[in-house]
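> Just need the structure, nothing else, for what follows:
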Amino acid sequence: MKAITDIPKRKYDGYVWFSDQKEPVTLIQKEYSFEDTKENPFVIEALLWNAEEEISIMVRHTGKYHIQEFKLDELPAEHELVEKVYLPHRLGDKVKHVCFKQLWIPEEDKLCEKMEVMTMKALIFTGFKYSTEKN
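Numbers count the residues shown, from 1 in each chain. The predicted structure follows:
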C-alpha cells in the first residue's frame with residue numbers, strides 16, 4: 001500500500017490518531033474507511049487489526065505515510081511469533097492491554113560461525129485485551 005486511502009474498509013480493532021486531536025479514535029470491531037482522509041488533519045499514527053482475516057496494518061506519518069501490512073497466514077515458513085502486551089495510553093476505559101506479536105525469523109549470522117540465529121524483524125499489532133471490570 002502506498003497511499004492511506006488504499007487501506008481497505010474493514011472491521012478493525014485499533015486506533016487512528018489525527019494530527020489535530022489530543023486522543024485517538026479507538027476502534028472496537030468497528031468498520032473504518034480511509035477513503036475520505038485529507039491532507040490536513042493527517043493521520044499521525046494508526047494501528048489496525050482485523051481478526052477475521054488476521055491482517056495487521058500499521059501507519060506512521062513522518063513527513064510522509066509509512067504503511068506496513070502483515071498477513072499472519074502469509075509469514076515466512078520458519079518464523080516464530082512471541083506475544084507481547086503493553087498498557088494502553090489514551091485509549092479509553094475498555095482497553096486493558098494493547099497486544100503485539102514479535103516476528104522472529106532465522107538468519108545466517110557471520111558472527112556466529114554462519115549458524116542461523118533468530119532475528120526480530122517486526123513488532124506486529126494484534127488488537128486489544130478488554131477490561132471486564134466495572135469501575
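> only C-alpha atoms for contact and neighbour calcs from this point on.
OK.
> what's the domain layout of the protein?
Listed domain ranges for the chain are 4-72, 76-130 (source: automatic domain parsing).
> any idea of the pLDDT on the residue sitting furthest away from the middle of the chain?
If you look at how far each residue of the chain sits from its centre, by CA atoms, centre = their mean, the farthest one is Glu113, at 34.9 Å. On the pLDDT scale, Glu113 is placed at 89.
> before we move on, what about Tyr12?
The model's pLDDT for Tyr12 equals 96.
> Likewise for the one 5 residues further on?
Confidence at Trp17, expressed as pLDDT, is 95.
> Who is it paired with across the strands?
Glu45 (DSSP bridges).
> and it, what does it touch?
Contact analysis of Trp17 by CA atoms under 8 Å, 6 or more residues apart in numbering lists Glu23, Pro24, Val25, Val43, Ile44, Glu45, Ala46.
> Using a markdown table, please lay out those residues together with pLDDT.
Formatted as a markdown table, these follow (pLDDT from 0 to 100):
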| residue | pLDDT |
| --- | --- |
| Glu23 | 91 |
| Pro24 | 94 |
| Val25 | 93 |
| Val43 | 94 |
| Ile44 | 94 |
| Glu45 | 95 |
| Ala46 | 96 |
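> And the average pLDDT for stretch 99-106 is what?
The pLDDT scores in stretch 99-106 average 95.
> So which residues make contact with that stretch?
Surrounding stretch 99-106, the residues in contact under the criterion CA under 8 Å, 6+ apart are 76, 78-86, 116-129.
> of the residues you listed, buried ones?
Buried residues within the contacts of stretch 99-106, defined by neighbour count using 16 or more other CA atoms under 10 Å: Glu80, Leu81, Val85, Thr119, Met120, Leu123, Ile124, Phe125, Thr126, Gly127, Phe128, Lys129.
> what pairs with the spatially most central residue of the chain across the strands?
The residue lying closest to the centre of the chain (CA atoms, centre = their mean) is Phe125, at 3.3 Å. Under DSSP bridges, the beta-bridge partners of Phe125 are Phe100.
> what's the pLDDT at it?
pLDDT for Phe125: 97.
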